[in-house]
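Sequence first, predicted model second:
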Amino acid sequence: MASVPIPTPTPESSIAVTVAVAVVLALSAGVGIYFFKKSRSFDEWMVGHGDIGPVVTGLALTATWLSGWAIFGNAGLAYTYGWSGSWLIGAMNLMGLSLCVVLGYRMRRYAAIGARTVPEVVRIRFDSRLIQALCGVTMIILLIVYSVGQYKAMASVWKLTTGTDWLWSLVITAALCAVYLALGGYAGTQFSLAVQGAIFMVVGWIFGIAAIFWAGGPAKIAESIAAANFVKPGGAATTVSLGGYIAPIAPSFPGYDWLGVTAALFMFLFMATGFPHNIARFLGVRKITKKEYSILMLIVALNCVTPLMVGAMGYAARAVWGADLMNTAMGPIYGDAAASLASMAIGGPVGGAVFSMAVFAAAISTLAGMVMIMATNMTRDLIQNALPRTSPKRLLLLSRLLIIPLVAIPLWWNYTSPPPVLSEFMSGSAVAQAGIFFFVVAVSMYWKRATKWGAVATIVYGMVVALLHPSVYGKFLPPFNNWGVWALALMFGCALVYVGVSLLTKPLPEEKLAKFFSKGG
Amino acid sequence: MRMSLGLGLALLALALCFLSVPILAATVGGWYAYWGAILLSAVWTLILLWLKISKFWEGE
């Protein structure tokens, strides 16, 4: 198998990728334009008409959930870290997303009484404009960090398959993303997301299965991984085996010890619901039957296998090429190149193009969901919150204009200072979103005794501890240099603060809570 | 609120599914642990779906 050469970009692959990416972006923009006429008011732009069905909601939910991390970074995790990379691949990501489906459906109840954004759900729940504004600001900060990773995924794919500089591809992609968001709003985004979710589910499954056979079958791959050692980006070999589900590479690596593994498991359990761009998918869903609800769950289950398929591509690439992708010549992408290169090796220029289409679909769909959240955070949760008399027409215009800087800021960040390891970088923001919003948003919809001050304290605690990430200030403050300690301290600390402060402070009067908790609480 | 036997067993099964993921990784490893995690997740999802539909349905 060592004779299989690592593919290099060719004029054919450049053309094929350009066409494939143009198709997926044009399709997305077309859907946005179609919905332009249907979203004339600010409210309609934000949540559509509340008539979106289970199939579109299910696909859109998986599209915002599965980002460049899952469809691109997962192969890099598998390739670089062996079996220990599977914890960030999200081997049990379905547990988290199915929990999101169960808990998130209650968003409809708040949408029915006027909530148009996730922070507005929190404002209504706690009858507090302060918490709405605080949630809005926190979401903007964490989502900007998270969206940087989407650009890294798109830029890397473009560079690998076309051989050209990635800046222009990012600029064009960002511009198209901004256009279809500005035109279509929530409904347009929701339908575009559904299309994108369907694309990467089909492509991910096909390439995952094909890659296993391409590398000689599951047994041969497992044999290669068992015999492999960790190689640092740049090519320095180590004696750390990749054959086990933990690998003592560095304390900042989640697969370093079982503490890190435990933290990664809880991160995946909480973050699907904690991601505001995920749970917001339920703001526009119509009332559905039990059968339709089951269909929604089935779609979610099928697409949650996709990240594992992409991970399998990374294992296959490691079996075929050994640690060759970790050499200096492959920088700065290194192991993250595994899936794109495997797709080119398996399917030639067309294979590479189809896979690139899936990566763009995944990255841009998550980006779109996040930009939409950030734009409405600014207009609805901050500006309208502070200046309630601002006209809806002006707010709609402002929301559309705000999309431009919100698309450009992470683009610029990624261009000037790209994160070295995509998925590890994104997991920092993911843990904070998981710890803070799982409780502040989701648990608050079910726990009557939660209070505004419990939620405020949770946000403050979560944001402070987020700064102690092992790659930020944690490296100076042991034991926070250990990823597992940091992540568990953040998530379970948020839980303790939320419950503790809520129990010490006064909840809303019973008559105000009654409309949110008609069935228990 | 008194917890019914069905609900209690379902919660126990959910906890077992979650705990089995790292246990499978530590003991069996390889592809079995990798694909086993998604199988356990599928069981978890079925239990959650059953709980939502049969016990906590929000028909409004």
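Structure received. All figures in this text were calculated on a predicted structure; none of them were measured in a lab.

ok now whichever helix in chain B runs longest, how far from the chain's centre?
Assignment by DSSP state H gives helix B:30-54 as the longest helix of chain B. With Cα atoms, centre = their mean, to the nearest Å as the basis, helix B:30-54 stands 6 Å off its chain's centre.

Would you tell me whether that helix gets close to chain A?
Yes - residues of helix B:30-54 are located near chain A by Cβ under 8 Å from any Cβ of the partner chain, namely B:30-31, B:33-35, B:37-38, B:40-42, B:44-45, B:48-49, B:51-53. Where you see a C-beta, it was placed from the backbone N, CA and C, and this is true even at glycine.

Contacts only, for residue A:71.
If you count contacts by Cβ atoms under 8 Å, 6 or more residues apart in numbering or on different chains, residue A:71 has them with A:153, A:200, A:204, A:306, A:307, A:310, A:339, A:358, A:359, A:361, A:362, A:363.

Identify, from those residues, the entry nearest to chain B.
Distance to chain B, by Cβ to the nearest Cβ, is smallest for residue A:307 among the contacts of residue A:71, at 9.5 Å.

And the closest one, which helix or strand is it part of?
Per DSSP states H and E: residue A:307 is located in helix A:306-321.

From the opening residue of stretch B:22-41 to its closing one, how far?
End-to-end distance for stretch B:22-41, by Cα to Cα, to the nearest Å: 12 Å.

What average pLDDT does that stretch get?
Across stretch B:22-41, pLDDT averages out at 97.

How about that stretch, which residues are buried there?
Buried residues in stretch B:22-41, counting neighbours by 16 or more other Cβ atoms under 10 Å in any protein chain shown, are found at B:22, B:24-25, B:29-31, B:33-38, B:40-41.

Just put these in a markdown table and tack on distance to residue A:426.
A markdown table is the format used below for these (distance: Cβ to Cβ, whole Å):
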| residue | distance to residue A:426 |
| --- | --- |
| B:22 | 22 |
| B:24 | 26 |
| B:25 | 22 |
| B:29 | 26 |
| B:30 | 27 |
| B:31 | 26 |
| B:33 | 24 |
| B:34 | 21 |
| B:35 | 24 |
| B:36 | 25 |
| B:37 | 20 |
| B:38 | 21 |
| B:40 | 24 |
| B:41 | 21 |
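
Doesn't residue A:239 belong to a strand?
Yes - counting by DSSP: H, G, I helix; E, B strand; the rest coil, one finds residue A:239 located in a strand.

I figured it hits residue A:247, correct?
No - Residue A:239 lies out of contact with residue A:247 (Cβ atoms under 8 Å); the separation is 11.0 Å.

neighbour count winner among the two?
residue A:247 (23 against 6; other Cβ atoms under 10 Å in any protein chain shown).

Excluding covalently adjacent residues, which one is nearest to that one?
Nearest in space to residue A:247, with sequence neighbours left out and distances taken as Cβ to Cβ, 6 or more residues apart in numbering or on different chains, is residue A:84 at 3.9 Å.

How about the contacts made by that neighbour?
Residue A:84 is in contact with A:242, A:244, A:245, A:246, A:247, A:249, A:253, A:255, counting by Cβ under 8 Å, 6+ apart.

who touches residue A:246 in this structure?
Shown in contact with residue A:246 (Cβ under 8 Å, 6+ apart): A:84, A:255, A:256, A:257, A:258, A:260, A:261.

now, which of those residues lie within helices?
Those of these mapping onto helices are A:258, A:260, A:261, per DSSP H.

re earlier: so which of the buried residues of stretch B:22-41 is the closest to residue A:437?
residue B:41 (21.7 Å; Cβ to Cβ).

circling back: let me know the pLDDT of the residue nearest to residue A:247.
Listed pLDDT for residue A:84 reads 97.

ok, back up a step: pLDDT check: weakest of the contacts of residue A:84?
residue A:253 (92).

max-length helix in chain A?
helix A:167-214.

tell me the angle that one makes with helix B:30-54.
When axes from the mean of the first three to the mean of the last three Cα atoms, to 10 degrees is applied, the directions of helix A:167-214 and helix B:30-54 differ by 110 degrees.

those strands in the stretch 251-400 of chain A, which residues are they?
Applying DSSP state E, counting those that start in this stretch to the stretch 251-400 of chain A gives no strands.

Flag every residue of it that's near chain B.
Looking at chain B, the residues of the stretch 251-400 of chain A close enough under Cβ under 8 Å from any Cβ are A:258, A:261-262, A:265, A:269, A:287, A:290, A:293-294, A:297, A:300-301, A:304-305, A:308, A:311.

thinking again about what came up before, who are the packing partners of the helix holding residue A:307?
Helix A:306-321 makes packing contacts with helix A:74-81, helix A:86-89, helix A:167-214, helix A:218-227, helix A:338-376, helix B:30-54 when contacts are defined by 3 or more Cβ pairs under 8 Å, 6 or more residues apart in numbering or on different chains; DSSP states H and E.

quick one: which of these is nearest residue A:275?
Closest among the helices and strands packed on helix A:306-321, once you apply Cβ to Cβ, is helix A:338-376, at 8.6 Å.

what's the average pLDDT for the closest one?
Here helix A:338-376 scores 86 as its mean pLDDT.

starting at the chain centroid, how far to that helix?
With Cα atoms, centre = their mean, you get 13 Å for helix A:338-376.

From residue B:28, how far off is the closest residue to chain B within the stretch 151-300 of chain A?
Proximity of the stretch 151-300 of chain A to chain B (Cβ to the nearest Cβ) peaks at residue A:245, 3.8 Å away. Using Cβ to Cβ, to the nearest Å, one gets 10 Å for the distance from residue A:245 to residue B:28.

Show me how far stretch A:390-402 is from its chain's centre.
27 Å.

and it, which residues are buried?
A:395, A:396, A:398, A:399, A:400, A:402.

cool, and stretch A:284-303?
Buried, per 16+ other Cβ under 10 Å, within stretch A:284-303: A:284-285, A:288, A:292-297, A:299-301, A:303.
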